[in-house]
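Asks: Quick one, structure for this:
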Amino acid sequence: MPYTYRVWSDFGADGVAPEAVTLDYRTERSYTLSESDVSAIDDAWTSVAGDEDGLYDSPGFGLVGIDDTRLRLGPTRFKHHFVRRLLVAEHADLAGRDYPDGLRRRLRKAVHLLSSFVAVVADGSVLLGIKPGGVDGGPFLSLPGSGYLDREADMVGDETAPTSAVVSRELREELGTATAIERIRCLGVFEDTDPASHLNPALFSVVTTGESPAAIRRAARRARDADEFVHLAFVPITETALASTVRLGVNGTASAADLDGLPVDRFEGMSHKTLLLVLLLGRQRFGAEWFSEVYDEQPSIRFENHGP
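Replies: Modelled structure (predicted):
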């Protein structure tokens, strides 16, 4: 399987990642859809969304561009992203339906729903979680505390909440209250572009907490979205363990000894964003040479041109 990524901005390339970014939201940065486009989107959404538990439309932030560490955002909706993803992936449920010419191209160009993707570090280990999967696949590895930004939850008046508040909200929803951030580093904004991926840009961050892994597990069992993961595991942040995690994601094989505590027989691969953030975490901790060695081992991992 190819793992391809678009680089919107790589904040940590020089080894010094910022603690925060500016989320600059303006309503005038909206895009326009024709009546026929809107009708087609509603039709596609209705035909598929009803079969997926917990799926609902919500107002989100669309990434328009990045200047230094300022993310220029405009309005979008999860429904628009979801249908864009279905069309790009040529989802079977849409086969045979008649949609306006160029709808996929227009959505692909206009809709870039921003999410927050976070690696939680506690006691020298990184938190990984097994998601239960769904109709399109079995259990897979991901990073707890990640999710789409939400204009209803991530705005304070007319202003977007600070980076730490946005990241903290997702952590609270999936991990409870035991993940107070001691330090945050924003590594960049990247978009997974393979049709089998989520096909949206995300702010990739690493957060460090003083809580113990045991305390985080206990709190996660009481979290609002506790059912998002069926198992949580902490993998030690060592050169060997992170390299093995990348190999596990790409090849499905890894040494159990390198990944102590991670039940490698209970899931099938990992999400595209998880694979990339493990690579970026390794680069942050062990430098560009480690990153190059691991990256060069995996020809299926590739970066595309910068920007939209």
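Asks: OK, contacts around residue 283?
Replies: 12, 290-291 (CB atoms under 8 Å, 6 or more residues apart in numbering). Backbone N, C-alpha and C define where each C-beta goes, glycine included.
Asks: Show me which of those residues are buried.
Replies: With burial judged by 16 or more other CB atoms under 10 Å, the buried subset of those is 12, 290-291.
Asks: closest to residue 206 among the residues you listed?
Replies: For the buried ones among the contacts of residue 283, the residue nearest residue 206 by CB to CB is residue 12; the value is 9.0 Å.
Asks: Pull up the distance across stretch 226-233, start to finish.
Replies: 14 Å (CA to CA, to the nearest Å).
Asks: in it, what's buried?
Replies: 228-229, 231-233.
Asks: now do stretch 284-300
Replies: 284-286, 290-291, 294-295, 298.
Asks: re earlier: so can I have TSV of the buried ones among the contacts of residue 283 showing secondary structure and pLDDT?
Replies: Below are the buried ones among the contacts of residue 283 laid out as TSV (DSSP: H, G, I helix; E, B strand; the rest coil; pLDDT from 0 to 100):
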residue	secondary structure	pLDDT
12	coil	90
290	helix	97
291	helix	96
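Asks: can I get those residues in TSV with distance to residue 273?
Replies: Converted to TSV, the buried ones among the contacts of residue 283 look like this (distance: CB to CB, whole Å):
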residue	distance to residue 273
12	15
290	20
291	17
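Asks: And those, which is closest to residue 216?
Replies: residue 12 (24.1 Å).
Asks: The closest one against residue 189, yeah?
Replies: No: the criterion here is CB atoms under 8 Å, and residue 12 misses it with residue 189 at 11.1 Å.
Asks: Contacts for the helix or strand bottoming out on mean pLDDT in the chain next, please.
Replies: Here the helix or strand of the chain ranked lowest by mean pLDDT, DSSP states H and E is strand 301-306, holding a mean of 83. For strand 301-306, contacts defined as CB under 8 Å, 6+ apart pick out 2-9, 193, 250, 275, 279, 295.
Asks: could you redo the last one with a cut-off of 7 Å?
Replies: 3-8, 193, 250, 295 (CB atoms under 7 Å, 6 or more residues apart in numbering).
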